[in-house]
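K.L.:
Have a look at this fold, sequence not included:
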Ligand SMILES: CCCCC/C=C\C\C=C/C=C/C=C/[C@@H](SC[C@H](N)C(=O)NCC(=O)O)[C@@H](O)CCCC(=O)O
């Protein structure tokens, strides 16, 4: 019995036979503790159905609100636009686009791993997740480097922090990530009994994903992560060297340190566990084998990687240039308009009474 059928059972269909709830008896145990058998013997599908939809829907709501509102703030006119905000705006756009795919993913798992939105939409799912993750990795890294350079050599590198350079770097990041991610568009749905599977591993994908994983592990994760760590250590060193308290240099160093620290925390929390466990999962994956503990661990770390899309607004709030001021201005404007609206209503009421 498949998980999909189990799901239907919960919705009122006949109850499931005893064998299907005893996966161990139907599976053959391997010396390493994993089970050999079909995916039906594995309780991972049930775990995904219980775990993913809730996480995806929460990230969708928080991510849509947080990123939507942040984009609105970034687009407010500013006297002195800053390159840091250009990277943050691009990051927020990428996150907003990605969180819009999450309700479709949630629906897939709620139906017991059955895809109903067609072939193209299925291909876009895996593509959007990976594209968003590596675009985020690069925006966070470049953002930290720019902040770091602006404090270490503020005058010599003015061109690096100019708006034009920021937009060019963003365009380069989009192209360099979106183009190779296109490789993920080649695999869509596959038949699994009555179900249409999407977002699942199978024999036709494994070799390509193993190769891709090795490349992106270095270029898409290890390299940016090491760069961030070096920036962080150099920032602390130069901050400790600054003697004058409350000087402008010290304030801008602190700002840069906040940016790099938040970026590093996001990396360690969201991307590091996923990359390690994904690599282990891909290495040990064999068709029909169920390594339940490891697969569940990848699922949890994948959810943490997805959650990055609703956590980035924290970075904008604490490290964005003039973000808090603009936020305050927007609220003030909103309140004033509301007050005006209320006084207009009051005046209108008065006029009607007269
Ligand atoms: C710079 C541009 C680089 C582009 C290429 C990037 C990365 C490709 C390299 C490796 C990818 C491996 C994917 C492995 C998938 S397991 C494979 C599954 N079909 C899948 O793709 N799932 C992902 C999903 O749910 O969206 C795991 O994440 C599965 C997580 C747990 C699960 O839901 O079963």
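P.N.:
Good, I have the coordinates. If you're wondering where the values come from, they're calculated on a predicted model, not measured in any experiment.

K.L.:
Which pLDDT value belongs to residue 338?
P.N.:
pLDDT for residue 338: 70.

K.L.:
now do the one 10 residues further on
P.N.:
Reading off the confidence values, residue 348 has pLDDT 46.

K.L.:
Kindly report the same for the one 5 residues further on.
P.N.:
At residue 353, the pLDDT value in this model is 48.

K.L.:
likewise residue 121?
P.N.:
Residue 121 carries a pLDDT value of 97.

K.L.:
element containing it, please.
P.N.:
helix 119-152 (DSSP states H and E).

K.L.:
and the next element down the chain from that helix?
P.N.:
By DSSP H and E, the next helix or strand past helix 119-152 is helix 163-181.

K.L.:
count of residues packed around residue 80?
P.N.:
Close neighbours of residue 80, defined as other Cβ atoms under 10 Å, add up to 6. Placement of C-beta: from N, CA and C, glycine included.

K.L.:
Then the one 4 residues further on?
P.N.:
Using other Cβ under 10 Å, residue 84 is surrounded by 25 other residues.

K.L.:
Let's verify the residue nearest to it when sequence neighbours are not counted: helix, strand, or coil?
P.N.:
Nearest residue to residue 84, sequence neighbours excluded (Cβ to Cβ, 6 or more residues apart in numbering): residue 321, at 5.0 Å. In three-state terms, and counting by DSSP: H, G, I helix; E, B strand; the rest coil, residue 321 is coil.

K.L.:
Ok, residue 81 next?
P.N.:
coil.

K.L.:
Pick out the least confidently modelled helix or strand of this structure, by mean pLDDT.
P.N.:
helix 23-26 (a mean of 34; mean pLDDT, DSSP states H and E).

K.L.:
Which residues of the stretch 51-200 of the chain lie near the ligand?
P.N.:
125-126, 129-130, 134, 177, 180-181, 184, 199-200 (Cβ under 6 Å from any ligand atom).

K.L.:
would you turn those residues into TSV with pLDDT?
P.N.:
Output for these, formatted as TSV (pLDDT from 0 to 100):
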residue	pLDDT
125	96
126	94
129	97
130	97
134	98
177	97
180	93
181	92
184	90
199	92
200	91
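
K.L.:
can you pull out the helices in this structure?
P.N.:
3-10, 23-26, 44-74, 83-99, 102-110, 119-152, 163-181, 203-216, 223-241, 248-266, 272-284, 292-319, 323-353 (DSSP state H).
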